[in-house]
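Quick one: sequence and predicted model below, then my questions.
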Amino acid sequence: MQDTATVGPLGALAQQARIGREVAANLAAGRFRTDCQVIVSLSSGKALGIEALTRPGGRPPLDRPDHFLAAAAEAGLLIETDRAWREASLRRLGSELPAEQLLFLNVTPASLLMGHTTGPGLEAVARMHGLAPERIVLEVTEGERVEDFDRMRRVLGGFRSRGFLIAIDDAGAGPSSLQSMVELHPDFIKLDRWLARDIEFDRSRQSMVEALVRFAEQVRARVIAEGIETVEQLDTFVGLGVAFGQGYLLGMPGARPVGVAPVIGVRIRKRAAARKQATTEPGQSRVADLVEAAPAIAAETPGVQVHGLFQANPHLRVIAVLDGGLVAGIITRGRCFEWMSGQFGLSLNGRKPAVQLCTPATTVQGTAVVRDAARVALERPLATAHDPVVVLDERTYSGVVSTTGLLEQMLAEEVAEARLLSPLTGLPGNRLIRRRVETVRASEEPYFLIYADIDNFKSFNDRFGFAHGDIAINGLASVLGEGGDACAVECFLGHIGGDDFVAIVHQNDLVAFQLAVARGLERRWFDSGGRLAIDRVTVSVGGVPLAGAEELPYEEIAAMVARVKHGLKVSGGDRFAVFESWAAFEDAPRIQSRVA
């Protein structure tokens, strides 16, 4: 739109009047079309719904929605435009919306506060076109500042009482967005697209999104990220826990909703599954789970272009240099500016190829365990100690990961795993036991699941008290640890609870494990000081093979090994029995021998 300063006051008035007439004529003639864009779950890749997008059909510059709305506001026709576009969207999309999806409609605060859009009126129009209010989300736009939040809450409460859902649109863009999120209790918070720009590089943006996601969880709202255009942005939003996404990568706007491409849907599900596992099941994460996007350039790229890349993107920290498809090194932001600074820096280094300017990179495979990668990063010389680590997929460049990121993840894993250890024995608890069983039985190695507990422990505990009971439990943990130490293949020990323990022992180590446990139990393992008036405490140990149990539910395996242990106790206890196969278990014969 032309600057009024260049046409004078009278010309500006005339131009404003002309534009106002054009806006009114476009509204009267219905010269606009309704498109839509899909909103996608960032956990399943399925469509949550669609947003109605109106495209005006006026002459430039009124063919752009933002210019048309600005002109409508100047002409005093914004509310009429808002209502006409919304009703056209319901008329156009109401009958086409799949039954399980939502329709997102934009609405201005002024239209709500001035009573031009009312709950009864909008419900009537929606039902006329086949939509119940429960399937409509009103996006309160952030283009105008809300001054009276008490009144806005009452107005939106009227819509909510009829079933309409509420979203704060373009959160973070307008002056009152934070207050709107707190005061209006939205069902959805739609992040403004500026947050998506460079989010794969920018820790500040990532931190803000993380904070908004945590806030949304507390107030039972769901976050929608707008402006997702690259897989790097998508991966970042999924990793940050954003619930839904919208953008060209997930589906282009059009007359008909375009669903997410199958390959993108698969990517979403894989990334979401990896995030869920990392946040709910502590364990050894892989470096690929932490990889950050960083651009790569050809070896012959001149230094002046490298400098330009850093200048154009203030959030860019590092660039990888590829020579023949292989990583030749990295150029960090600090080193680039150091080389190009000063009176002659640019003239001396601007023409040099990137391969001459880069620093040798520390590389790790994406499949590497975070703990191992952190060790590699920490062992570097001081000059490169703070450089990002380059992540490879075999020989192909994947991205980078910071030393800080590796250390933070390693610490988080250690803290999370510590929460799942038995406070009495320090051994892994039930969740870690289950994870190890699932991992081992999926392998081709012949492992056995061994169950051990103290015979008649309740009577012992009742007679001598819980303090001596804890001593006996710790004593059994120590004896089982001696059995594990005797194994050639690493043995896993876990503490189910009380006096119940499990061990996962390789078939080749069964005899060594049994003999070591027997030797340990021959000592006064439960009463080293000889203070208790009891001759001995016995232990029953039973086991089943994990080979052949690949298709059995974990709960069924646990029940079977418990039956083995129960059978030993019924037969008098003080025994070590292992079924050689599942067929042997079904036929009931056991290989039994006394533990001590």
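All right, it came through fine.

which residues does residue 41 bridge with?
When bridges are called by DSSP bridges, residue 41 pairs up with residue 244.

count of residues packed around it?
By the criterion of other C-beta atoms under 10 Å, residue 41 has 18 neighbours. The way it works is simple: take the backbone N, C-alpha and C, and place the C-beta from them, glycine included.

Same check on the one 10 residues further on?
Residues lying near residue 51 (other C-beta under 10 Å) number 26.

Can you name the residues bridging to it?
Assigned bridge partners for residue 51, using DSSP bridges, are residue 37, residue 104.

what residues are up against it?
For residue 51, the contact set (C-beta atoms under 8 Å, 6 or more residues apart in numbering) comprises 36, 37, 39, 103, 104, 106, 139, 246.

just the buried members of these?
Among the contacts of residue 51, those that count as buried by neighbour count (16 or more other C-beta atoms under 10 Å) are 36, 37, 39, 103, 104, 106, 139, 246.

from the contacts of residue 51, which is closest to residue 72?
Of all the contacts of residue 51, the one sitting nearest residue 72 is residue 106; the distance, using C-beta to C-beta, is 13.3 Å.

one step back: closest one of the contacts of residue 51 to residue 438?
Each of the contacts of residue 51 was scored against residue 438 by C-beta to C-beta, and residue 39 proved nearest at 34.7 Å.

Look at the closest one and give its secondary structure.
Look at residue 39: counting by DSSP: H, G, I helix; E, B strand; the rest coil, its state is strand.

ok, it touching residue 48?
Yes: look at residue 39 against residue 48 with C-beta atoms under 8 Å: they come within range, at 4.7 Å.

Name the residues contacting each of the two.
Common neighbours of residue 39 and residue 48 are listed as 102, 244 (criterion: C-beta under 8 Å, 6+ apart).

Any chance of JSON lines for the buried ones among the contacts of residue 51, columns distance to residue 213?
Listed next are these as JSON lines, based on distance: C-beta to C-beta, whole Å:
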{"residue": "36", "distance to residue 213": "26"}
{"residue": "37", "distance to residue 213": "22"}
{"residue": "39", "distance to residue 213": "16"}
{"residue": "103", "distance to residue 213": "24"}
{"residue": "104", "distance to residue 213": "19"}
{"residue": "106", "distance to residue 213": "23"}
{"residue": "139", "distance to residue 213": "19"}
{"residue": "246", "distance to residue 213": "16"}
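
out of the residues you listed, who's nearest residue 560?
For the buried ones among the contacts of residue 51, the closest approach to residue 560 (C-beta to C-beta) belongs to residue 39, at 46.8 Å.

Report pLDDT for that closest one.
The per-residue pLDDT reported for residue 39 equals 97.

residues touching it, list them.
47, 48, 49, 50, 51, 102, 104, 224, 244, 245, 246.

Nearest to residue 392 among those residues?
Among these, and counting by C-beta to C-beta, the member closest to residue 392 is residue 245, at 28.1 Å.

how near is residue 553 to residue 492?
Taking C-beta to C-beta, to the nearest Å as the measure, residue 553 falls 20 Å from residue 492.

With neighbour numbers in mind, choose between the two.
Summary of the neighbour comparison: residue 553 and residue 492, criterion other C-beta under 10 Å, with residue 492 having more neighbours (21 against 9).

My guess is residue 472 contacts residue 460. True?
Yes: using C-beta under 8 Å, residue 472 and residue 460 qualify as a contacting pair, with a distance of 6.6 Å.

what about the nearest residue to residue 61 once chain neighbours are set aside, which SS state?
In space, and not counting its chain neighbours, residue 61 is closest to residue 67: 4.3 Å by C-beta to C-beta, 6 or more residues apart in numbering. Here residue 67 is helix, with the state taken from three-state DSSP.

Give me the pLDDT value at residue 67.
82.

and what of residue 390?
Listed pLDDT for residue 390 reads 97.

Pull out the buried positions in stretch 544-563.
544, 545, 546, 547, 549, 557, 558, 560, 561, 562.

so for that stretch, what's the average pLDDT?
When pLDDT is averaged along stretch 544-563, the result is 78.

Just to check, residue 81 is in contact with residue 71?
No: look at residue 81 against residue 71 with C-beta under 8 Å: they stay out of range, at 9.2 Å.

got any residues that touch both of these two?
Here residue 81 and residue 71 have residue 23 as joint contacts, going by C-beta under 8 Å, 6+ apart.

List the contacts of residue 452.
Counting by C-beta under 8 Å, 6+ apart, residue 452 has contacts 476, 480, 500, 501, 502, 503, 517, 539, 540, 541, 542, 565.

Name the SS class of the nearest residue to it once chain neighbours are set aside, please.
Using C-beta to C-beta, 6+ apart and skipping residues adjacent in sequence, the residue nearest residue 452 is residue 541, 4.4 Å away. At residue 541 the chain is in strand, as set by three-state DSSP.

OK, contacts around residue 541?
Listed by C-beta under 8 Å, 6+ apart, the contact partners of residue 541 are 450, 451, 452, 514, 517, 565, 568, 575, 576, 577, 595.

Am I right that residue 92 is in a helix?
Yes: residue state for residue 92 (three-state DSSP) corresponds to a helix.

Need the nearest residue in space to it, chain neighbours excluded.
Counting by C-beta to C-beta, 6+ apart, the nearest residue to residue 92 once its immediate chain neighbours are dropped is residue 34, at 4.1 Å.

Now stretch 25-32: buried residues?
26, 27, 32.

ok, and the closest non-adjacent residue to the second one?
Nearest non-adjacent residue to residue 27, counting by C-beta to C-beta, 6+ apart: residue 84, 5.5 Å away.
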